[in-house]
Structures are given as structure tokens and as C-alpha cells.
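Student: Predicted coordinates and the sequence they were generated for:
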Amino acid sequence: MLFNSLVFAVFLPCALSIYWLLAKSFRAQNLFLLIASYLFYGWWDWRYLFLIAGCSGVNFIAALLIHRTTSPLLRKCSLAFCCLLCLCVLCIFKYYNFFIESFSALFQLVGIEWHPLLLKIMLPVGISFFTFQALSYTFDVYFNQLKPTRNAIEFFAFISFFPQLVAGPIERASNLLPQFQKARQFNPDVAQHGICLMIYGLFKKMVVADTLSVYVDQTFNNCAFFNSSLTCIIAAFFFSIQIYCDFSGYSDIARGVARLFGFELMLNFNRPYLATSFTDFWRRWHISLSTWFKDYVYIPLGGNRVHTGKLLRNLWIVFLLSGLWHGANWTFVAWGALHATFQTLAILRNKFFKVPTCHTFIQKVASILIVNIGVIFAWILFRAQDFSQLTTFLHTTIRGDYTPSLMALCAGMGPLHFGFCWCTVGLLAISYLFPADCKIEKPSHQLLFAALFILAIIFFGMPSGGEFIYFQF
């Protein structure tokens, strides 16, 4: 069920009506949210409900075992079994064919013929998100940062909470689970702000991201035909805007919907393209995933309280895993490696050279430009379907024509759509001036901006837009 679909437009008001009719009992609301969330997720394929239920059940039981026992060995075994089971399921559904095909290609390079068995399975929507959310709960219980709940309904509802189920943010139990454990009151001001967030998210998805996707897809799939360096550069820039609007748009809608139900989700994006360093970028982009890897991988490995060699090792492990998390493709791993390279260069520069802090406006602007150039270049690796498309795109960018024909410049779609793409970027730039939370204090101003975004969606939105990009992760 897509946020930008008519089905969801019917589902949401029905769910809200029933939910608030049950306001006298938050436990009844939790049960209803669990049912509604399973209906929301099962709309794609009901068979995968067993997958999310199994993941929830394993982590629920493992956390209770870890909390109840004082034996270090039993605690470790419970944690290890839970992690192994969840990650094995994740690897089978998401990475089995990828690794099998990679090993097969490697064997062929050394002259060994191997014809492996490939599985014909569809990737469950959002499997990486709810798996990591469930594991973070068990980790927190293991490290005595959280007491486990004994209420299965509230825990299962926490894992499957439909606003953020399929594309995050990856919520921590310390933030979201306590909200299931207390009564929730309807607040008109919070609801109004939630609706404004939803409208803003739909604007970013339907007006900006879906419009730019047409140009981006045309260029990446036919860059050799257009043979235009300028077209490729524009497509890379457009994709950086597309993926931001697509993903942050989903997060805005998720946070807005959650507020309608009386819940507060974490901020997942904080205007990342205003970052003044690559480290700053990762403090602003996909914050829930960045903090997940920091807390459960980077810090346990020693974090930055180690010598430079181990620090770089820790960074590379985190970024390679982050790249692999995004998908079963070596281009994602290369994307993670490139960001690890950026971080490595920054660390070595700070170690051997005295770098002045960005104080002046010109210094900040220069730093933002440098970071954005690196990030946009990295997005080319992220967007390419394989290394063949990547090399073709890069070759065209470097050796193509910098004075292309109008058809090549517009990616074969005509100047009208090309101009409209730039208009959507301009609209986003204006909205980018808002606070990261899109929080406007005066209710009248909220309604004004909401009305403007609604008009933009009606007149300029792409009603035939596809799924959100991060659904595949």
C-alpha cells in the first residue's frame, strides 16, 4: 500500500476513525494498530506477514531470555541465536542470489565451471528496516539500556507500526515503544502539523521526485545515445534531488501520519545538502540508519577512541556494510567505499594538516559546494544498475559533447519537461529554507503553506508515480 495511492487515501481516514473511537483504552488502540499495520503490509503480499511476525516473535522471546537470566553464556547465546536467525533470513531473501552469482563469476575467472541453484523469490518490502529495528531492541536489552516489555501486542505493534514500517525511520525502542505503553490523547495542533508534514512529503515525492525521475531514467538508460556530458551532469544533479525528495518525502509522510495517531517519530533528515563536511552530511542524511551503525557496529568496534589505523578500519567496515545494506549490488558497495574514502581523506587531512574551522560565509559556502560535488558523484554509483551502465555514464560524462543539441540536453523529452524539472528544483529550494522539521509556529501560516503545496500537487504532481526508491531496501 503506497502513501501516494488512492487505496491509502481510503485506508487512512478509516483507520483514524476506528482508532480514536477506541481512545478510552490504549491497549485496544494498540491491538487495532497491529491489525491495521498487518493489513497495510499484507496489501503487497500476505505471505510475508509470516516473515515480520516471525522476526518480531524471535526478538521478543530472545529479549525476555536475555533479561531473565544472569548467566553471561546464556545471554550471549540468546543474542547470537536471535541475530543469526534474523540476519540469515535477511541474507536469504536479499543477498542469496547476489553472493551465489558473485562466487560463480569468480570461479569462472579461474576456469572453474559452476552452475549454482538460484532462488526465484521476491524481495519483501522493507525487510532491512524492520529487521534492524527489531535487532536494535534486542541489543538495547542485552546492553542493559532497556527493559524488555512482556506485552506481545505492544511489541508486535512497535515493530510493524505502519507509518514507518517499509522505509523508516528505523525507530529505537527507547523512543517509540514507551509511546505504546501509555494513553494517547488527540491534539488538534499536533494533528494539523502532522497533516502539513504529510502534504509537504507528498509534494516532495509527487511533484519533485517523480518529475525528475523521468529525466534521470532517460539519461542513465540512454546516456551513450545522447553522448552529452552536460546531460549526464544534469542527470546526476537531478538524481541527488530526486533521491532526497523521494526518501525524505516518505519520512515526512510517515512522521505526519504518526502524529495523527498520537505518536512522534524521530527526524530522519536535517537538510543534508547544507552539510559543511562529509561527516556532517552523515549526521543529516538517513539519521536513523547512521546512528544505528554508529551505536551497534562503529562504537563496539572501538569507535574513534582508538589509533588512526583502527579508526579507519572501523569507518570502512561501517560504510561497506551500509552500502551492502542498501541492496544486493556491487555498485552499492562501491558507493559505500567511496564515502569511506571521503572520510579517510578528511581524517588524514586533519591529522597531518591544520585545517581552519569554517567561520566566514565564503568558507561555509565553499565547504558546502565541495561536499555536494563529492556526494553527487557518489550518487552516480548508487543510481547505476551495474558497472556496465556506470562506466558508460562516466565515459559519456568525461568524453561526451559539452555543447549538445537541444534534444540531447533535454534527454529527448523536449524543452517543456526539461524546464519543468528546473521549476520543481526551484520550488524545493524555496521549501528548503524551512526548518528541518517543517515546523511553522503560526497555524495560519501552516495552513497557507499547506494550501500552496496542495495546489502544486494538483497541478504539477505526477499521479502515475511509482514506488518510493527505498522500498527496495
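Tutor: In hand now; what should we look at?

Student: Residue 152: how many residues sit nearby?
Tutor: Neighbours of residue 152 under the rule other C-beta atoms under 10 Å: 14. For glycine as for every other residue, the C-beta is placed from the backbone atoms N, C-alpha and C.

Student: just residue 151 next, same as before
Tutor: 16.

Student: For it, give me the backbone phi and psi.
Tutor: phi -100, psi 110 (degrees, to the nearest 10).

Student: now stretch 59-74, how far from the chain's geometric center?
Tutor: How far stretch 59-74 lies from its chain's middle: 31 Å, per C-alpha atoms, centre = their mean, to the nearest Å.

Student: send the alpha carbons of it over as CSV?
Tutor: Provided in CSV are the C-alpha atoms of stretch 59-74 (Å, rounded to 0.1, in the frame of the first residue of the first chain):
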residue,chain,number,x,y,z
ASN,A,59,13.3,-10.8,19.2
PHE,A,60,10.5,-10.7,21.7
ILE,A,61,11.4,-14.1,23.2
ALA,A,62,15.2,-13.5,22.9
ALA,A,63,15.0,-10.2,24.8
LEU,A,64,13.0,-11.8,27.6
LEU,A,65,15.5,-14.7,27.9
ILE,A,66,18.4,-12.2,28.0
HIS,A,67,16.7,-10.1,30.7
ARG,A,68,15.7,-13.0,32.9
THR,A,69,19.0,-14.9,33.0
THR,A,70,22.1,-13.9,34.9
SER,A,71,24.3,-16.3,33.0
PRO,A,72,26.7,-14.4,30.6
LEU,A,73,26.9,-17.5,28.4
LEU,A,74,23.1,-17.9,28.1
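
Student: Counting neighbours, which bits of it end up buried?
Tutor: Across stretch 59-74, burial judged by 16 or more other C-beta atoms under 10 Å covers 59, 60, 61, 62, 63, 64, 65, 66, 67.

Student: Pull the residues that contact the strand or helix carrying the first one.
Tutor: So that's residue 59. In the assignment (DSSP states H and E), residue 59 maps to helix 49-68. Applying C-beta atoms under 8 Å, 6 or more residues apart in numbering, the contact partners of helix 49-68 are 38, 41-42, 74-75, 78-79, 81-82, 85-86, 89, 93, 124, 127, 130-131, 134-135, 137-138, 141-142, 147-148, 150, 152, 155-156, 159-160.

Student: What are the neighbouring residues in contact with residue 30?
Tutor: 153, 154, 157, 180.

Student: pretty sure the third one is touching residue 177, no?
Tutor: Yep, that's residue 157 we're talking about. No. Applying C-beta atoms under 8 Å as the test, residue 157 and residue 177 come out as separate, 9.3 Å apart.

Student: Would you agree residue 381 is in contact with residue 335?
Tutor: Yes. At 4.2 Å, residue 381 and residue 335 qualify as touching, with contact defined as C-beta under 8 Å.

Student: quick one on the thing from earlier: go through the contacts of helix 49-68 and flag which are in helices.
Tutor: 38, 41-42, 74-75, 78-79, 81-82, 85-86, 89, 93, 127, 130-131, 134-135, 137-138, 141-142, 152, 155-156, 159-160 (DSSP state H).

Student: Turn the contacts of residue 30 into TSV, columns for distance to residue 263, pLDDT and neighbour count.
Tutor: Shown next, in TSV, are those (distance: C-beta to C-beta, whole Å; pLDDT from 0 to 100; neighbours: other C-beta atoms under 10 Å):
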residue	distance to residue 263	pLDDT	neighbour count
153	16	95	15
154	12	94	20
157	11	95	25
180	8	94	24
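
Student: Out of these, flag the one nearest to residue 408.
Tutor: residue 157 (52.1 Å; C-beta to C-beta).

Student: Adding distance to residue 299 as columns, could you present the contacts of residue 30 in CSV?
Tutor: Putting the contacts of residue 30 into CSV (distance: C-beta to C-beta, whole Å) gives the following:
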residue, distance to residue 299
153, 32
154, 28
157, 29
180, 27
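
Student: Among those, which one sits closest to residue 224?
Tutor: residue 157 (50.0 Å).

Student: Can you give me the neighbour number for residue 348?
Tutor: 12.

Student: following the helix or strand hosting residue 319, which helix or strand shows up next?
Tutor: Per DSSP H and E: residue 319 is located in helix 308-326. For helix 308-326, the following helix or strand on the C-terminal side (DSSP H and E) is helix 330-352.

Student: Next SSE downstream of that following helix?
Tutor: Next along from helix 330-352, by DSSP H and E: helix 361-383.

Student: Export only the CA atoms of that following helix, formatted as CSV.
Tutor: Taking C-alpha atoms only, helix 361-383 is exported to CSV below (Å, rounded to 0.1, in the frame of the first residue of the first chain):
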residue,chain,number,x,y,z
PHE,A,361,30.2,32.8,4.9
ILE,A,362,32.5,32.2,2.0
GLN,A,363,34.3,29.4,3.7
LYS,A,364,31.0,27.7,4.6
VAL,A,365,29.7,28.1,1.0
ALA,A,366,33.0,26.6,-0.4
SER,A,367,32.8,23.7,2.1
ILE,A,368,29.1,23.0,1.1
LEU,A,369,30.0,23.0,-2.6
ILE,A,370,32.9,20.6,-2.1
VAL,A,371,30.8,18.2,-0.1
ASN,A,372,27.9,18.3,-2.6
ILE,A,373,30.2,17.7,-5.5
GLY,A,374,31.5,14.6,-3.8
VAL,A,375,28.1,13.4,-2.7
ILE,A,376,26.6,13.9,-6.2
PHE,A,377,29.4,12.0,-7.7
ALA,A,378,28.8,9.2,-5.3
TRP,A,379,25.1,9.1,-6.2
ILE,A,380,26.1,8.1,-9.7
LEU,A,381,27.4,4.8,-8.3
PHE,A,382,24.3,4.5,-6.3
ARG,A,383,22.0,5.0,-9.2
